[in-house]
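Q: return a 3D structure for these sequence lines:
(chains A, B, C, D and E, ligands or ions: 8)
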Amino acid sequence: MPTKNDLNYSYYPGCSLHASAGEYDLSTRELFKALSIGLTEVPDWFCCGATPAHNVDELLSLSLCAKNLELADQVEGDLAVACAACFSRLKTTQHVLGESDLKRKQVEKALDAPLKLDGKVKHLLEILARDLGLERLAQSVKKPLKGLKVACYYGCLLTRPNDVTNLDCVEAPTIMEDVLKAVGAETVPWTHRMECCGANFTLSRPGVVIQLTGAILESAKEAGADCVMVACPLCHGNLDIRQKEIEGVYNTHYALPVFYITQLVGLAAGLGADKLGLDALIVNPLPLLKEKKLI
Amino acid sequence: MQKHITQQNLNTLLDTLIKEGKRVVAPRLNAGTPLYEPLTSSAEMITDQLPKRSGKEAFFPLCEDIMSYEKEGQQIKLTDIDPARFPETVLVGVRPCDAAAIPVLDAVFSWDYKDEFFLERRNKTTVVGVACTTADDACFCTAVGLSPSDTKGSDLFLTPLEGGGYHCETQSEKGEALINSHQELFSEPNGSKTVPLARPQTEKFDLEKVKKWLDEHFEDPAWDSIATRCVGCGACAFVCPACHCFDIVDEGTEKSGKRRKNWDACGFWKFTHHASGHNPRDGQPKRYRNRIMHKFKYYDDKFGQTLCTGCGRCIRLCPVGIDIAQIVEELNKK
Amino acid sequence: MSRIGVFICHCGENISRTVDVERVAAQVAKLPGVAFSTDYKYMCSDPGQNLLKKTIQEQKLSHIVVAACSPRMHEKTFRKAVEAAGLNPFLCEMANIREHCSWVHEDKQEATLKAIEIVGMMVERVKKNRVLPTITVPVTKRALIIGGGIAGIQAALDIADCGHEVILVEREPSIGGHMAQLSETFPTLDCSQCIMTPKMVDVINHPKIKLYSYSEIELVEGYIGNFQVTIRRKARSVIEDKCTGCGVCMEKCPVKKIPNKFDCNLGMRPAIYVPFPQAVPNTPVIDRENCIKFKTGKCGLCQKVCGPGAVDYEQEDTLIVEAVGAIVVATGFDLYNITEKPKGSPIKGYGEFGHGKIPDVIDGMTFERLASASGPTGGKILRPSDGKEPKQIVFIQCIGSRAREKGISYCSKVCCMYTAKHTMLYHHKVHDGQAYVFFMDARTPGKSYDEFWRRSIEEEEAVYIRGMVSRLYQKGDKIVVMGSDIAVGVQVEIEADMVVLATAVQPQKGAELLAQKLGISYDKYNFYSEAHAKLRPVECATAGIYLAGACQGPKDIPETVSQASAAAAKVMTLLSKDKLEREPIVARVKESTCVGCFACKKVCAYGAVEEKEIRDRQGNLIKVVAYVNPGVCGGCGTCQATCPSKSVELDGYTDEQIVAMIEAL
Amino acid sequence: MTQAIDTTIYAAVSEAIQGEAQRILSAGEVTAIVGYATARRKGSAQPIVITNADDAQKLIFTPACVNNLAVYLTKAKKEIPKQGKIGIVVKGCDLKALAGLMGESQLKREQLYLIGVPCAGVLASTIQPDTQLTADTIAPKCTECDAHLPQGCDFVPAQTPVTPELEKKYAAEIARLEALTPKERWAYWKEQFSKCIKCYACRQVCPFCFCEQCLCDRNKPQMVDTTPRPAGNTAWHIVRAMHLAGRCAGCAECERVCPMDIPLNLLNRKMAKELKELYDYEAGFQVNENGPLNSYTEKDDQSFIK
Amino acid sequence: MHSEKQKHDFEPKIIAFVCTWCTYAGADLAGTSRMQYPANVRVLKFPCTGRIDPVFILKAFQQGADGVLVSGCHPGDCHYIAGNFHARRRFAAFRKLLEFVGVDLERLQFSWVSAAEGGKWVEVVSDLTEKVRNMGPMTEFKELALEEQWSGAINTAELKEAYNEI
Ligand SMILES: Cc1cc2nc3c(=O)[nH]c(=O)nc-3n(C[C@H](O)[C@H](O)[C@H](O)COP(=O)(O)OP(=O)(O)OC[C@H]3O[C@@H](n4cnc5c(N)ncnc54)[C@H](O)[C@@H]3O)c2cc1C
Ligand SMILES: Cc1cc2nc3c(=O)[nH]c(=O)nc-3n(C[C@H](O)[C@H](O)[C@H](O)COP(=O)(O)OP(=O)(O)OC[C@H]3O[C@@H](n4cnc5c(N)ncnc54)[C@H](O)[C@@H]3O)c2cc1C
Ligand code: SF4
Ligand code: SF4
Ligand code: SF4
Ligand code: SF4
Ligand code: SF4
Ligand code: SF4
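A: Ligands and ions are numbered 1, 2, ... in the order given. Take a look at the predicted model:
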């Protein structure tokens, strides 16, 4: 059993988790509470710049993240990040500013403060799989996710570029599968685990997104998955919210619920549907969970 | 001339001399080590410890420049040291064993070659000796015919008085000149008694007899047993008030540098090491023999003096406990 | 007093543009010991060298400083010139005022002052230079060749034909290397075995070549001209002298289904085997791991059936020592394995290409075996998974190569060409098939190479897609290959029956261990390093050791053979001499002050320091001192920096010389 | 009240040494023995070489037996007989030097007969010989001694010394110096080094300064200025400390004999400490072929290299 | 493009001890690549970093160097197999010693610069020059060289002045 609060993190939810992905935020907080992991939201955090900022103005995108990192530094513990895009931006900032003295000086000038960049930024996955550890995670399971076949979807930002995020092997990551196996689920091998969902084009080129996301869902279905699991609100948006639309375009039927990692792990940890925001999912997961006797 | 001076006035005297631009050299502590060194204030002077190096340094520096060179293109420019720039010095608080060594050194430095470096410094220095009140079992001035109140070598000699202050006795014109220049600080002797002086324990050697033995025993197994354990450092000679060997080296680069004179010691393996690689004194016993011979025979042969004043420094500091007093004592018995 | 001559080079304008050479010459002339100083347009040119020689004689110069380019460039040139003028070459030094001065500073004033100082420093140094006599060592007129691929074979034959004895050591049971595995070879499409096997036979029949197959190098001692090499002859379990190569044993061996490495595990072999029918020597070897006799003590069939009684289960490894004067390293290459984490890479293999788990994703060498008439399929292109003929085949180039994240940033050089060859072979054998090639660039610099490549497209109808494959995955019995065509800017997906990966050419596993035994250097990939990329491409920095073939870097056969012959020529040059001269930059011990602490011996990586007893005329031991074997000393000077009493000095870099330079600054 | 240190066993130790010396000399097991004997001054001791069994009773062991006699076995000091096997009286600290010398091919174990002494400590150099051994008068090196009982000797008297825990004097002083700024440290050493008179006593007593010609005596080139001026002195001390780094056995002889009281052993101890931290090397009773500065591993620290 | 060169009040003297095979060649490469760097450095060529005796560093400081650079092949790249490994230990120890006697280690830089790293050479040299320039002259050894034992000092004006101040 995890001893009381030996793990403590500052927490950067990011904009999505305060908007469209409220259930990710909720389930994260509840899960961490259940696992006795301390989580303190960074006061006054603001947008990391997400996918657009760095396409427009590099200095701006770096400064946004640098400022957030500085704020996070005020709170004890490594910084826990839920959104893969926020994670990518924060890590990229650390990387770029660490490599380039010039950019670092520019940002310092912009923020009018010296930078501290050595704080650790961690995705929730890392916290669960490594800091807490698979063993302790397994011990905390109250309701193993027996019989649930999950297609773990990494998307493109979590592991790439390798030397920036350093999360797992860039070509054959296993961290999601490791976590899910620890809580008793079955993970399916499938081909589109790391294909891009088109997050950048969600609003500008929906056609592209539909094509890309369609292939992902198709592949998950083909591999025999019951559901898909993600660790990013943007991926979630494309796979879950757009699923109906895609089914329409390709005239097919997937009905693949798309969970956040915290929802599935939370479920295994014995949290109720209300605490996990399962009702907020568009593709209704309840029939599946009932069928598998998980609720 | 006989005078008295209080401790306070002595201090005033020294401080005044310093202000006048004279170099006042006296025992003081340097990073914990008692040494004769220039004072910046009379307060630095210590009286209770025998300095680890002797007073000879005031005339015969550990290291001194004698010339410098500089190459300009194909030209070489030599600059001699101007002894006129040597500072006026007052050497204060010199123990009798150290003071007595000064006239001994005079002999060798003004013999066939007049060493202007030594002599100029000597001329510019007034020696203020002070009687010894304590001695340890390494002291043996009495054995070589001196004593804790011996005034040899001093221009002015001080003896501590009971209740503080000193009895002053001039030994030379320099001593008188020193008193005269600051008369107000001295008073007439007031009948205070001097404190009891030290009494070294060694018996007087029969130096004649010792020399005689040395005259006849250049080769003798005794040398081996005396000095096999000598490790060949120069500590004994470097702390000795009477040793005066030196070595001349050029230091610097192709472009510029100095010719310098450094202390040398007969214990060093390089002492008398010929360029050919041959060394007539090719072992510590032979080198140590030279030390004893020089002190108790050669110098006597040449200048009628003994090259040892019994300060006992080499005995205290020899890394391997070679004890010159014991050695001479044993020779004395032979 | 030295009479130093200083020659300042303009290097055309390379130096004089930023360095006021006349001023340098004038300044330097004032330095003590400098008797002559001048500047000249091109010192390295013939007239320049003549000026140098003439002035040495006219001015009776004793030491020379040439201020010009880097000594790495022309030190030899000027030392030779100086020697021709009658001075010892080591009395000449170069001051680098080009690479270290005129080229890196713009300010003329600054550069000029710096040049004056650099030259001044070298003037002081050269004053302390001593005449260094050339060192001679005797030469053992035999050569050792390590590795019996085409490189080793070619070198062995060339040297042996010249009349010198050759020892050829091959790790595998047969010589031949990778070339023996190839089907046909670009750019001419000759059958590889047709041109290879006669050479292999020449080796075994050559009276001057002693072949140790199934053997490895255990230990290398000695130095140029005088190596002692210990060779481990691994226990073959078959006595070579008795075996006639009839092959009955192999027929009778009950174990049959051991994947044959030679066939890239496509075909099977028995426990007693020769790797391929044309093997040289044609003597089988028992694979003790799989032999029943060795596993259980039973069986022994082969021994029973062997007429000449050549099978010997008791055989043990034996060690042989051979004395040689030169060594050629020709250990070749290995292919990159997509399942393994490459050296120095944070990334494990090519996970996106199925981690080597999809049976119909094969590498180029496997394709060679499929295409080879003597291969496991008799030359038919068939899928390993189900033996069907692939109708759509995708070749992907640059697998591992030129991928910095994989720890390999070099180009493997042969893949473009062999992939083109593969498309042709495929098209010749599967007429209705379609070949696609994903490629980054086509690198075809070689005689008739680009023509060959074009033929693949123009005549053999291969479709070349410029772009990389992002992933491939198995879908039913197809392999979906997803990639981009960057020429057109579209994503492509091909459902292929078979995929061939042109995996990177890498050094042999453990190449660095052999290098360490030999004392030669290797690059960060473990390819062996040549002494100079352009001018000494077949020599190692370690004297007497030469390189041939793919162990030095990726190479195709023409290049391999050229280098092998070049290495052979170098060896022959060396062996043509009875005695050898070497640069006298070696350490020397001053016996009079050495105290025999042997700190020098402990730090010498070459093992050049020996213990030497000094005795008086009666033979009594006076002391033991260090002695540096000038033949072995590499000339690093580590011993000197380590010796407390400085009793060992590196000629050419003595303390006096270095201190003179420091003091000049 | 300073803590007295019990030296009562020294009498019995002396007796045992005498007995053993008598035995091995008369049995011809050794040709000579290097040990300690009384000297003229009260309570003092000096090194002695005996070759005759009758002289065995001259051997003593007292708190004044400070010398590291190992120096007499090195090549630089040629006068000690080189023929045959030599007996030597060694304290634990001295024995480490012998082990080091064996590692540096200067001695062979089989040529020595080691008479180890159980030692509770010896007097500091600044103390008059006939003083009681206390926490104040003890040699600084003895406060850090981990070798009161020498190991691997041919003979060790049976007595066991009583050794109180003492404040580690070098460690404390090194820590004090380390805490200073570079400028302050420079000032400290400048003052200390300026006292040096280049008498080379430190070098001459060091068992590891066995060079036949010290680098500092060399003049082509003049690596280190020979004059006893501040510049030459500083260079000498840096070179000396560097040459002894990884070799020094910690006998503190150099410091003991310095007539100018320069704390030389601080430099040695500091280097020992660093080498321990960097390469886990420590001088001990083991004979090491490779010292820390003539060996390496590929993984050695290089954080200081750009 | 010629940038305006900045003039400085103090130009440090930097001495670089480098090995022939890697760093010297790297510096050559910087030259052949026409990279630009401050002219303060003077390069002394050694066969190998293994040949570099710590005494040379000391000597360089004594001769007035304000900064010293020691540079050679990366570990594993030594032309002489292991010279740089030995050097690495030697210099690790020597640094500690210098630090302990109070030498500011900022003035002593060690680096690995390969024959291919012309850029790194420029960077290392420029950085060290810049750093030392900001630190100002290395006065410790220079001052030391001017000092005499009291007994050898002659009556210089400075001496008088010193006494006058009392
Ligand atoms: C798929 C593929 C196709 C190719 N097609 C062509 C082509 O068509 N045309 C062309 O010109 N080139 C082609 N090449 C390149 C060609 O294979 C090489 O140029 C050539 O084989 C190199 O020869 P080598 O002797 O240097 O090395 P190798 O052939 O690798 O030989 C090395 C030998 O050394 C032995 N060895 C290794 N280590 C040791 C050791 N420690 N001790 C003793 N022995 C050892 C090995 O067992 C081997 O026998 C192709 C390469 C590949 C990968
Ligand atoms: C623009 C350019 C840049 C290059 N850069 C590089 C580079 O950076 N690195 C590199 O490695 N390579 C480079 N190369 C390639 C390099 O120049 C060649 O590899 C090399 O010069 C070939 O040398 P060679 O001796 O074979 O031929 P050549 O240099 O052509 O020498 C042939 C000689 O033979 C003489 N000759 C010709 N015919 C006769 C005859 N009938 N009788 C007598 N003498 C005759 C010619 O006059 C000439 O002197 C470059 C080539 C070019 C064109
Ligand atoms: S020879 Fe020896 S004893 Fe005589 S003065 Fe010189 S150092 Fe002193
Ligand atoms: S390190 Fe020096 S003294 Fe020691 S053996 Fe080698 S050369 Fe001789
Ligand atoms: S110079 Fe190098 S190779 Fe030669 S003996 Fe010395 S350490 Fe060995
Ligand atoms: S013993 Fe002391 S004074 Fe003599 S040389 Fe050594 S440090 Fe200097
Ligand atoms: S200081 Fe160095 S060179 Fe001099 S004797 Fe000691 S170890 Fe030898
Ligand atoms: S350096 Fe000093 S402490 Fe070390 S072994 Fe030598 S004398 Fe003993």
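Q: and E:L69, which of the three is it?
A: Under the three-state scheme (DSSP: H, G, I helix; E, B strand; the rest coil), E:L69 adopts strand.
Q: with adjacent residues omitted, what lies nearest to it?
A: Of all residues not flanking E:L69 in the chain, E:A16 sits nearest, at 4.1 Å (C-beta to C-beta, 6 or more residues apart in numbering or on different chains). The C-beta positions use only the backbone N, C-alpha and C, and glycine is treated the same way.
Q: how near is the one you found to E:G26?
A: Distance, E:A16 to E:G26, by C-beta to C-beta, to the nearest Å: 11 Å.
Q: tally of neighbours for B:Q2?
A: 11 (other C-beta atoms under 10 Å in any protein chain shown).
Q: show the pLDDT at it.
A: pLDDT for B:Q2: 92.
Q: now C:I662
A: 95.
Q: tell me the residue of chain E that sits nearest ligand 3?
A: Nearest residue of chain E to ligand 3, counting by C-beta to the nearest ligand atom: E:S151, 17.3 Å away.
Q: state the helix or strand in which the closest residue in space to that residue that isn't next to it in sequence lies.
A: Excluding its sequence neighbours, the residue lying closest to E:S151 (C-beta to C-beta, 6+ apart) is B:P61, at 3.5 Å. Following DSSP states H and E, there is no helix or strand that holds B:P61.
Q: one step back: the residue of chain E closest to ligand 3 reaches B:K56, doesn't it?
A: No: contact criterion C-beta atoms under 8 Å: E:S151 and B:K56 do not qualify, at 9.1 Å.
Q: for the closest residue to chain E within the stretch 1-150 of chain B, give me its contacts.
A: Proximity of the stretch 1-150 of chain B to chain E (C-beta to the nearest C-beta) peaks at B:P61, 3.5 Å away. The contact partners of B:P61, by C-beta atoms under 8 Å, 6 or more residues apart in numbering or on different chains, come to B:261, E:149, E:151-152.
Q: got it, and A:P173?
A: By C-beta under 8 Å, 6+ apart, the residues touching A:P173 are A:154, A:158-159, A:167, A:193-194.
Q: okay if I get those as CSV plus distance to ligand 1 and secondary structure?
A: As requested, these are exported to CSV (distance: C-beta to the nearest ligand atom, whole Å; DSSP: H, G, I helix; E, B strand; the rest coil):
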residue, distance to ligand 1, secondary structure
A:Y154, 34, coil
A:L158, 36, coil
A:T159, 31, coil
A:L167, 35, coil
A:R193, 31, coil
A:M194, 30, coil
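Q: which residues in chain E form strands?
A: Ranges of strands in chain E, per DSSP state E, are E:14-19, E:41-46, E:67-72, E:108-112.
Q: and the residue sitting nearest the centre point of chain D, what does it touch?
A: Central residue of chain D (C-alpha atoms, centre = their mean): D:C251, 2.2 Å from the mean position. Listed by C-beta under 8 Å, 6+ apart, the contact partners of D:C251 are D:68, D:70, D:93-94, D:96-97, D:141, D:207.
Q: list, out of these, those positioned next to chain B.
A: Among these, none lies close to chain B by the criterion of C-beta under 8 Å from any C-beta of the partner chain.
Q: considering the residues you listed, which possesses the most neighbours?
A: Among those, the one with the most neighbours (other C-beta under 10 Å) is D:A70, at 31 neighbours.
Q: so that one makes contact with D:M102?
A: No: contact criterion C-beta under 8 Å: D:A70 and D:M102 do not qualify, at 10.5 Å.
Q: what is the burial count for the closest residue to ligand 6 within the stretch 1-150 of chain A?
A: Per C-beta to the nearest ligand atom, A:D118 is where the stretch 1-150 of chain A lies closest to ligand 6, at 45.5 Å. Neighbour count for A:D118, taken as other C-beta under 10 Å: 9.
Q: distance of it from A:D131?
A: Distance, A:D118 to A:D131, by C-beta to C-beta: 17 Å.
Q: in contact with C:Y606, which residues?
A: With the criterion set at C-beta under 8 Å, 6+ apart, C:Y606 makes contact with C:223, C:519, C:632-634, C:636, E:80-81.
Q: flag every residue of chain C that's near chain A.
A: Neighbours of chain A within chain C, by C-beta under 8 Å from any C-beta: C:346-352, C:355, C:405, C:471, C:473, C:475, C:480.
Q: what about 10 Å?
A: C:338, C:341, C:345-355, C:405-406, C:470-476, C:480, C:482, C:491, C:493 (C-beta under 10 Å from any C-beta of the partner chain).
Q: show me just the buried residues among those.
A: C:338, C:345, C:347-355, C:406, C:471-474, C:480, C:482 (16 or more other C-beta atoms under 10 Å in any protein chain shown).
Q: for whatever helix or strand A:L39 lives in, packing partners?
A: Element membership for A:L39, per DSSP H and E: strand A:37-41. Strand A:37-41 is packed against strand A:7-12, helix A:22-34, strand A:78-81, with contacts defined by 3 or more C-beta pairs under 10 Å, 6 or more residues apart in numbering or on different chains; DSSP states H and E.
Q: what do you get if the cut-off is 6 Å, keeping everything else the same?
A: Counting by 3 or more C-beta pairs under 6 Å, 6 or more residues apart in numbering or on different chains; DSSP states H and E, the packing neighbours recorded for strand A:37-41 are strand A:7-12.
Q: how about the nearest residue to residue 164, chain neighbours excluded?
A: I'll assume chain A. A:V164 sits nearest to A:H95 (C-beta to C-beta, 6+ apart), 4.6 Å away.
Q: chain B is the one I meant
A: Spatially, and ignoring its direct neighbours in sequence, B:G164 is nearest to B:Q7 (5.1 Å; C-beta to C-beta, 6+ apart).
Q: the one you found: how many residues sit nearby?
A: Number of residues near B:Q7 (other C-beta under 10 Å) recorded here: 14.
Q: B:P189 versus that one, what's the distance?
A: 16 Å.
Q: check C:A420 too.
A: 120 Å.
Q: try E:D53
A: Distance from E:D53 to B:P189, by C-beta to C-beta: 66 Å.
Q: more neighbours, these two?
A: Comparing E:D53 with B:P189 by neighbour count (other C-beta under 10 Å), the higher total belongs to E:D53, at 26 against 13.
Q: the more buried one: what's it in contact with?
A: C:A641 (C-beta atoms under 6 Å, 6 or more residues apart in numbering or on different chains).
Q: what do you get if the cut-off is 10 Å, keeping everything else the same?
A: Residues near E:D53 by C-beta atoms under 10 Å, 6 or more residues apart in numbering or on different chains: C:637, C:640-643, C:646, C:655, C:658-659, D:215, D:223, D:239, D:242, E:17, E:46, E:59, E:90, E:94.
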